[in-house]
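**Q** would you be able to build a 3D model of this:
(chains A and B)
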Amino acid sequence: MAEPTSPQFSADSPEQTQDSSLNRSDLSSEVATPAAANRNSKTRQLLGMKGAEIGETSIWKIRLQLMKPITWIPLIWGVVCGAASSGSYTWTLENVLLAAACMLLSGPLLTGYTQTLNDFYDRDLDAINEPYRPIPSGAISVPQVVAQILVLLGAGLGVAYLLDVWAGHEFPTITALALGGSFLSYIYSAPPLKLKKNGWLGNYALGASYIALPWWAGHALFGDLNPTIVVLTLFYSLAGLGIAIVNDFKSVEAIANSVLNLSLSCLASVQQPGFAF
Amino acid sequence: MFGISTAAWICVLMIDVFQAGVAAYLINIHQNLYAVILILLIIPQITFQDMYFLRNPLENDVKYQASAQPFLVFGMLVTALALGHAGV
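**A** Here you go, the predicted model:
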């Protein structure tokens, strides 16, 4: 999505974030002016937001930046909703720990995996549109990125399985959700499907990933995930689809700016936003 | 495909209609108090849609998201609490 200026629904998919970075200094339409952006650029970088300072050398900071921590927040919120809708959540120490582990799963591990994977598959596009990003700029090598993706995915599936064991599930619901969610992330970003190229499908996948998936995980952890909850949250995700499309407006603006600033050959490589206006 | 203005209206209607649909479901399962709170949380979103987003979608998209989304996410929690309360 576009720049995650608000923490919700901001899976930062680079194809939708091209803000004519080649002409960054010429643009007044950037959310923050360069001067204003400098103030918080360190923080913005660590949170995986745009307007970050360029030239970070610590590999761990770059890894964190790839995982876009700012986008974890709505997923963590989704887990809270799921725990609430289960009707069985009580404030015991064990439940708090269970919920925290589920938040770790939804936020840092699987959203981190999703974001890193997305940057990985967009690296060629970013080399043109946002060459300062960690992968195209060479700040982190491709094998290192692949390792990060696999470690995050493995850790996510591992935590999901542990949660199933901890909750005493007969059927490993949370592991199944983690598998399904990480597969959705893969087909969202990776060829040949690249769901995000399709405005409706891609944005619905995004909306459902932010609203329904963590909700299901939280609900399954403390109660029984039933069809009513599944259908209702998928229905709710359609509101999330609307929000995901709002985020596409930023790319339209960026493309409009690109028209002013880029040569035609460059423009040809700027991908359209997912939602066709 | 749609033009900016139509696309903006599609977004806004989806955001409002589906939240309202959830509120209607909550009424249907007799969680009236939660439904009313959810509706009260939709109203400021509509206000921000009118104030910011629909007037200039390209300029105000970010401002709209930042203003309206807290109400949407609290609506999610209200819904979740209602579902838990109803034992769905």
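**Q** switch to C-alpha atoms for all contacts and neighbour counts from now on
**A** OK.
**Q** distance of residue B:66 from residue A:42?
**A** 21 Å (Cα to Cα, to the nearest Å).
**Q** pLDDT weak spots in chain B?
**A** Low-confidence segments of chain B, defined by pLDDT under 70, are located at B:1.
**Q** the longest helix seen in chain A near chain B anywhere?
**A** With residue count as the measure and DSSP state H as the assignment, chain A has helix A:227-261 as its longest helix. Yes - judged by Cα under 8 Å from any Cα of the partner chain, helix A:227-261 comes into contact with chain B through A:228-229, A:232, A:235-236, A:238-243, A:245-247, A:249-250, A:252-253.
**Q** enumerate the residues of the stretch 51-200 of chain A near chain B.
**A** Contact residues, the stretch 51-200 of chain A versus chain B (Cα under 8 Å from any Cα): A:77, A:80-82, A:84-88.
**Q** sorry, back to before: any of the residues of helix A:227-261 next to chain B buried? List them.
**A** Judged by neighbour count, with 16 or more other Cα atoms under 10 Å in any protein chain shown as the criterion, the buried members of the residues of helix A:227-261 next to chain B are A:229, A:235-236, A:238-243, A:245-247, A:249-250, A:252-253.
**Q** if we can go back for a sec, what pLDDT, on average, does the longest helix of chain A get?
**A** Regarding helix A:227-261, the rounded mean pLDDT is 85.
**Q** residue B:76 contacts residue A:82, correct?
**A** No - Residue B:76 is not in contact with residue A:82 according to Cα atoms under 8 Å; the separation is 9.7 Å.
**Q** more neighbours, those two?
**A** In this view residue B:76 and residue A:82 are compared by other Cα atoms under 10 Å in any protein chain shown, and residue A:82 has more residues nearby, 34 against 26.
**Q** need the contact list for that one.
**A** A:214-220, B:80 (Cα atoms under 8 Å, 6 or more residues apart in numbering or on different chains).
**Q** could you look up the SS state of it?
**A** helix (DSSP: H, G, I helix; E, B strand; the rest coil).
**Q** from residue B:88, how far off is it?
**A** Shown here: residue A:82 relative to residue B:88, a distance of 12 Å by Cα to Cα.
**Q** now swap in residue A:147 and tell me
**A** Taking Cα to Cα as the criterion, residue A:147 is separated from residue B:88 by 41 Å.
**Q** so between those two, which is more surrounded?
**A** Relative neighbour count places residue B:88 above the other of residue A:147 and residue B:88, with 17 against 11, counting by other Cα under 10 Å.
**Q** could I get the contacting residues of that one?
**A** By Cα under 8 Å, 6+ apart, the neighbours of residue B:88 are A:85-86, A:228-229.
**Q** all helices for chain B, in order.
**A** Listed from the start of the chain, chain B has helices (DSSP H) covering B:4-28, B:32-48, B:57-86.
**Q** anything in the last one near chain A?
**A** Read that as helix B:57-86. Yes - counting by Cα under 8 Å from any Cα, chain A has neighbours in helix B:57-86: B:57-58, B:61-62, B:65-66, B:69, B:73, B:76-77, B:79-85.
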